[in-house]
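Undergrad: Pasting the sequence and the predicted model now:
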Amino acid sequence: MSWFVWVIILLIVFAIVYFIIRAIMMRSKRIGAGNDLGNETFTVSKLQVALFAQAREVQARLTELSLEVDTDSPEGLMTLMQESALALMRTPENWTHASSSSQSVHRDKAEEVFNKLSLEERTKFSEETLVNVSGRVAKRSTAIASPDKDPSAYIVVTLLIGTEHDRPLFGEIRNTQELRTALEAIASLPASHLLVFELLWSPQADTDSLTYDELLTEYSNMIQI
């Protein structure tokens, strides 16, 4: 085999190695760019809103969103979060109580903190009639409201959010203006910063509601606004 052929072979090998290394470097840059803020700190936030049960359209809208939105895609998750916040913003006359927490943690602890908050909230449900996890929807039979429940009772909506922020999204909420500001911050969150989102509401069935005593028992940390 002539030296010219060996030169051609070596050039081809060098070209292949070059493009492989370049591809690996570009992939590493994309992964690094996933954290737009360039730090190792993520923020886990929980916002809870209690509404008068007459705001049945909120329950209906959340059910509709959970059935239609593909939460297995970043776009779908973003849509679910924004539309959930907007659904709450459209009925301020029914806001009664609120609770908030937003803590910045190292990325290694973020998933643990988020899952703990999710578990704490889901254990408050007597039953889950609708579950949408990773794009898979499970809808169970609708619960029928107890006839002795106060029809003017309450609904509680919980938004759990994991974001690429190095500081809290919002502080303690003590009035309707602070609640509106927090909801606006959630609705305007850049899509590139959203890591995970979970939507919960209780009761899930639009034929049911929480009594005042149930609200105080299950959601004792909520503040009247």
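TA: Right, received. Where do you want to start? Numbering: from 1, shown residues only.

Undergrad: Next, the buried residues of stretch 163-175.
TA: The neighbour-count check on stretch 163-175 (16 or more other Cβ atoms under 10 Å) flags 163, 164, 165, 169, 170, 173 as buried. Where C-beta positions appear, they are placed from N, C-alpha and C, glycine not excepted.

Undergrad: now, among those residues, which is nearest to residue 220?
TA: residue 173 (15.8 Å; Cβ to Cβ).

Undergrad: Touching, that closest one and residue 179? I think so.
TA: Yes - the pair residue 173 and residue 179 passes the contact test of Cβ atoms under 8 Å, sitting 5.1 Å apart.

Undergrad: which residues are common contacts for the two?
TA: 98, 225 (Cβ atoms under 8 Å, 6 or more residues apart in numbering).

Undergrad: returning to what we had before: between the buried residues of stretch 163-175, which has the least confident prediction?
TA: Lowest pLDDT among the buried residues of stretch 163-175: residue 165, with 77.

Undergrad: ok, that one touching residue 43?
TA: Yes - assessed by Cβ under 8 Å, residue 165 is found in contact with residue 43 at 4.1 Å.

Undergrad: Mutual contacts of the two, please.
TA: Shared contacts of residue 165 and residue 43, counting by Cβ under 8 Å, 6+ apart, come down to residue 104.

Undergrad: sorry, back to before: narrow the buried residues of stretch 163-175 to those in helices?
TA: Among those, none falls in helices (DSSP state H).

Undergrad: Mind picking the two most distant members of these?
TA: 164 and 173 (22.6 Å).

Undergrad: Convert the host helix or strand of residue 64 to CSV, retaining C-alpha atoms only.
TA: In this assignment (DSSP states H and E), residue 64 forms part of helix 56-68. The C-alpha trace of helix 56-68 is given here as CSV (Å, rounded to 0.1, in the frame of the first residue of the first chain):
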residue,chain,number,x,y,z
ARG,A,56,-66.4,25.7,40.8
GLU,A,57,-65.1,26.9,37.5
VAL,A,58,-61.6,26.6,39.0
GLN,A,59,-62.0,22.9,39.7
ALA,A,60,-63.4,22.4,36.2
ARG,A,61,-60.6,24.3,34.6
LEU,A,62,-57.9,22.4,36.5
THR,A,63,-59.5,19.1,35.6
GLU,A,64,-59.7,20.1,31.9
LEU,A,65,-56.0,21.2,31.9
SER,A,66,-54.8,18.0,33.6
LEU,A,67,-56.6,15.9,31.0
GLU,A,68,-55.5,17.8,28.0
